[in-house]
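J.: sequence-free structure coming up:
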């Protein structure tokens, strides 16, 4: 694949050149005072992106999956009971990890294309009068289906049930791209990674613990070594790591948070909503449907697009890569072969999104789908033009 074209997968995302260069740096002694000048601003920047005044941020050399493991091993003990819903591939994988760690998982099965069912969470928690459930797990943005769940509603459900369970949120494909309010939603552990909204290469598991979650760490009995937040806390006190850190990626994270905050978080979220709206306008013009069941569930970072019954959606991904050197995402799990995915997060603009829409149109026409060339592009163009025009008028 020729590497000049942007990618349209839901991560890793396109990297601004300035962040790529920031991550590509000479060797630095990670035990020198210079490392603290990278580490401290990076941690502080993540905290601001999470909209938290109270969280403790821990960044491990890993990926989002390592962040999941950090959450459960630092706050839970063998045999603990947790509550989760399965409504996509990534919610499924977190459940699988819990089972492999010897946790008891109450699984709420939900339709793929739907979100986390807050009402069912409340029912299960209300019935748990002995408060055996120690944690509630939610995937904020289900990357496999292009579905955004309402984390504030899950917090309300926990509160309505009067339950003390911790709230763990997988924000891997939402944080730094979609609105995330750790303190306001009383999220106890948030998990994300460097390769999505932070626009960096894969390699950092970014986690944040509330004071309540930190209090649980000393009592948790699941084994952990590499992902032990206690070791990380001790090392942070002297601007160090308990082992060799990914210095270049942390330098990139420092700059990434600076760029996001300089753009303004609300502007970042607005940009993602606008770009996602153009993709959705194109999907309608093609006469296709999203996997997400209703508008309030639409993700602003990835759209999973259903193809006609009997058509192998995976062929779109392969053909785009072979003929046009463009990467789209394939369907996963229950929707494999039924959807293809357009990622629209991180370093992306309206103009870049239009190139992805145009490519998807060419591919579908090549493969015999009844798509009119230019229809999706025109619909997206109107959306982007009108969105910018409304902002100009509002500012006048």
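T.: Sure thing, it's come through. Computed from a prediction, not measured in an experiment: that's the story for all the values here.
J.: got a list of what the most centrally placed residue in the chain touches?
T.: Within the chain, the residue whose C-alpha comes closest to the C-alpha centroid is residue 173; the distance, by C-alpha atoms, centre = their mean, is 1.3 Å. Under the criterion of C-beta atoms under 8 Å, 6 or more residues apart in numbering, the contact list for residue 173 reads 10-11, 141, 143, 196-197, 299, 301-302, 345. For every residue, glycine as well, the C-beta is placed using N, CA and C.
J.: Which helix or which strand is home to it?
T.: Secondary-structure assignment from DSSP states H and E places residue 173 in no helical or strand segment.
J.: what do you get for the one 3 residues further on?
T.: Residue 176 belongs to no helix or strand when elements are defined using DSSP H and E.
J.: Need the nearest residue in space to it, chain neighbours excluded.
T.: In space, not counting the residues next to it along the chain, residue 176 is nearest to residue 197; the distance is 2.8 Å by C-beta to C-beta, 6 or more residues apart in numbering.
J.: what's near enough to touch that neighbour?
T.: Each residue near residue 197 by C-beta under 8 Å, 6+ apart is listed here: 13, 173-178, 260, 301, 345-346.
J.: got it, and residue 245?
T.: Under the criterion of C-beta under 8 Å, 6+ apart, the neighbours of residue 245 are 30, 35, 39, 61.
J.: just to revisit the earlier point, can you classify the residue nearest to residue 176 as helix, strand or coil?
T.: Three-state call for residue 197 (DSSP: H, G, I helix; E, B strand; the rest coil): coil.
J.: Do you know the pLDDT at it?
T.: The model reports residue 197 with a pLDDT of 98.
J.: try residue 375
T.: The per-residue pLDDT of residue 375 was computed as 98.
J.: just the strands in the protein please.
T.: Assignment of strands within the chain using DSSP state E yields the ranges 56-61, 81-86, 104-109, 133-139, 141-142, 147-148, 166-170, 189-193, 204-209, 289-290, 302-306, 329-330, 339-343.
J.: so the first one versus strand 189-193, what angle?
T.: This points to strand 56-61. Orientation of strand 56-61 against strand 189-193 (axes from the mean of the first three to the mean of the last three C-alpha atoms, to 10 degrees) gives an angle of 30 degrees.
J.: in strand 56-61, what counts as buried?
T.: For strand 56-61, the neighbour count (16 or more other C-beta atoms under 10 Å) marks 56-61 as buried.
J.: Go through those and name the one nearest residue 86.
T.: In terms of C-beta to C-beta, no member of these lies closer to residue 86 than residue 60, at 25.7 Å.
J.: Find the nearest non-adjacent residue to residue 330, please.
T.: Here the nearest residue to residue 330 in space, its sequence neighbours aside, is residue 317; by C-beta to C-beta, 6+ apart that works out to 4.6 Å.
J.: one step back: among the strands of the chain, which is the most enclosed?
T.: Most buried of the strands of the chain, by mean neighbour count (mean count of other C-beta atoms under 10 Å): strand 141-142, with a mean of 32.
J.: Surely residue 250 is in contact with residue 204?
T.: Yes - A contact is recorded between residue 250 and residue 204 when judged using C-beta atoms under 8 Å, the distance being 7.3 Å.
J.: okay, and the common contacts of these two?
T.: By C-beta under 8 Å, 6+ apart, the residues touching both residue 250 and residue 204 are residue 59.
J.: For the residue lying closest to residue 256 once chain neighbours are set aside, give me phi and psi.
T.: In space, not counting the residues next to it along the chain, residue 256 is nearest to residue 198; the distance is 4.6 Å by C-beta to C-beta, 6+ apart. Main-chain torsions, residue 198, degrees, to the nearest 10: phi -80, psi -10.
J.: Could you shift the numbering so residue one becomes 12, and keep it that way?
T.: In the new numbering, first residue 12, that becomes residue 209.
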